[in-house]
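**Student:** sequence first, then the predicted structure, then my questions.
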Amino acid sequence: MLVLVINSGSSSLKYQVRDVEAGSVLAEGLVEKIGMGNGGDGDGALEGPRDHAEALELVDAAIHAALGDRALDAVGHRVVHGGERFAEPVLVNNEITRAIERLNPLAPLHNPANVLGIRAIAKKWPELPQVAVFDTAFHRTLPEHAWRYAVPDELYTNHGIRRYGFHGTSHEYVAHRAAALLDVPVEEFDAVIAHLGNGASVTAIRGGKSVDTSMGFTPLEGLVMGTRSGDLDPSILVFLGRAGWSPEDLDSMLNRQSGLKGLAGNNDMRTVVEAADAGDARAAMALAVASYRLAKYIGGYHVAVGGAKALVFTAGIGENSHQFRSLVAERLGALGVQLDAGLNRERSKEPCVISTPASALPVLVVPTNEEHAIAEATAAVVHHSSTAPQRPF
């Protein structure tokens, strides 16, 4: 089955065509500056495609050049927020699209763009099955004591304010890969998985399921990230609001000006590590804050899973920054974590163990592959829908 995987942003469209049976990538690319002008405020002459429908024409041309006469069988969409309704991937229809749209207030930067991608595909290829794969779905197994905030109940019942968690597609994929590497049935796999990129989250896995995760109502909660603050005292926002900061000011500060960028002046981990190695005190402090925050979460989630059987690093920083992995591991002596310095420095595209035999729990690096996971989920949903018995009317 040939599946087109779409990750649609407000001004970009990332795509990949995968042959699910062969496990191969046949085409991939990124269309940027959708609807963007060359003026300072986004006005002026258009620099990129007019809209997502026009962007899809570029994708279609690239796909046709790569596939020739072979036809797509389905489209899988990464959808960031599935709310409480969506606990698994679903076949898209008009009602599902509207349901995703109704979740826009929970993910205003992501879900509207995801819907634009779905509608563009539906307009161009109306007969092509589409599947929505939700970032939040894997975390629907969180127990209530983990997803509840200690605020008045009406905030949950009337506004849906609770912890949802994100990066679920990656955490689920990595959990299965790590369990296979350790030759442990995924149903018996207890671990802590750290998905570390410009956006970062850590998840407690018990019996192969998510039982706690660092991101919450939005992807802002939790770890120190590239430009996001992660955890902080909510009263800071009250204080700043009284000092004249608008909601827009606060949102920009927390999501775009904080994290590594706020601490070190740069959100790229490689640049921050290089600066710290060169003696930059701000960069060194940024790494100390970020590694300490992650180590605290790992310790807490070790308790949450009843004793982790593994610690797993994944995503861009988790897979490639041996320096940051070392900083985190140095703070985990109480858990008996010991990295093998040589193995830790090696860069591998395959899952590997980077701890010493004496380490109390194995430490793994497992490359994530969300596109692969989305394609497989899409193929499974489409296959099930085509083989399921039809209900009589």
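**Tutor:** Thanks, I have it.
**Student:** all helices for the stretch 251-393 of the chain, in order.
**Tutor:** Using DSSP state H, counting those that start in this stretch, the helices found in the stretch 251-393 of the chain span residues 259-264, 269-277, 281-304, 315-320, 322-330, 341-345, 370-387.
**Student:** of all those helices, which one comes closest to Ile161?
**Tutor:** helix 281-304 (21.6 Å; CB to CB). (C-beta placed from N, C-alpha, C; glycine too.)
**Student:** specify the angle between that closest one and helix 322-330 in degrees.
**Tutor:** 50 degrees (axes from the mean of the first three to the mean of the last three CA atoms, to 10 degrees).
**Student:** buried residues in helix 281-304, which are they?
**Tutor:** Within helix 281-304, the residues scored as buried using 16 or more other CB atoms under 10 Å are 283-284, 286-287, 289-291, 293-295, 297-299, 301-302, 304.
**Student:** verify the stated contact: Phe324 with Ala290.
**Tutor:** Yes: between Phe324 and Ala290 there is a contact under CB atoms under 8 Å: 7.5 Å.
**Student:** thinking again about what came up before, can you list the helices of the stretch 251-393 of the chain in CSV and add distance to Pro247 and mean pLDDT?
**Tutor:** CSV is the format used below for the helices of the stretch 251-393 of the chain (distance: least, CB to CB, whole Å; pLDDT from 0 to 100):
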stretch, distance to Pro247, mean pLDDT
helix 259-264, 19, 96
helix 269-277, 29, 96
helix 281-304, 25, 98
helix 315-320, 30, 94
helix 322-330, 33, 97
helix 341-345, 43, 95
helix 370-387, 31, 89
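**Student:** now those helices as TSV including distance to Ala27?
**Tutor:** Formatted as TSV, those follow (distance: least, CB to CB, whole Å):
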stretch	distance to Ala27
helix 259-264	33
helix 269-277	28
helix 281-304	36
helix 315-320	22
helix 322-330	32
helix 341-345	34
helix 370-387	12
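**Student:** sorry, back to before: overlap in contacts, Phe324 and Ala290.
**Tutor:** The overlap between the contact sets of Phe324 and Ala290 (CB atoms under 8 Å, 6 or more residues apart in numbering) is empty.
**Student:** report the contact partners of the most centrally placed residue in the chain.
**Tutor:** Among the residues of the chain, the one closest to the centroid is His167, at 2.9 Å (CA atoms, centre = their mean). Neighbour list for His167: Asp135, His195, Gly199, Ser201, Thr203, Thr213, Met215, Ala315 [criterion: CB under 8 Å, 6+ apart].
**Student:** and of the residues you listed, the nearest to Leu142?
**Tutor:** Ranked by distance to Leu142 (CB to CB), those are led by Thr213 at 7.1 Å.
**Student:** buried sites along the one helix or strand in the chain whose mean pLDDT sits lowest?
**Tutor:** Across the helices and strands of the chain, mean confidence by mean pLDDT, DSSP states H and E is lowest for helix 52-67: a mean of 85. For helix 52-67, the neighbour count (16+ other CB under 10 Å) marks His52, Ala55, Leu56, Leu58, Val59, Ala62, Ile63, Leu67 as buried.
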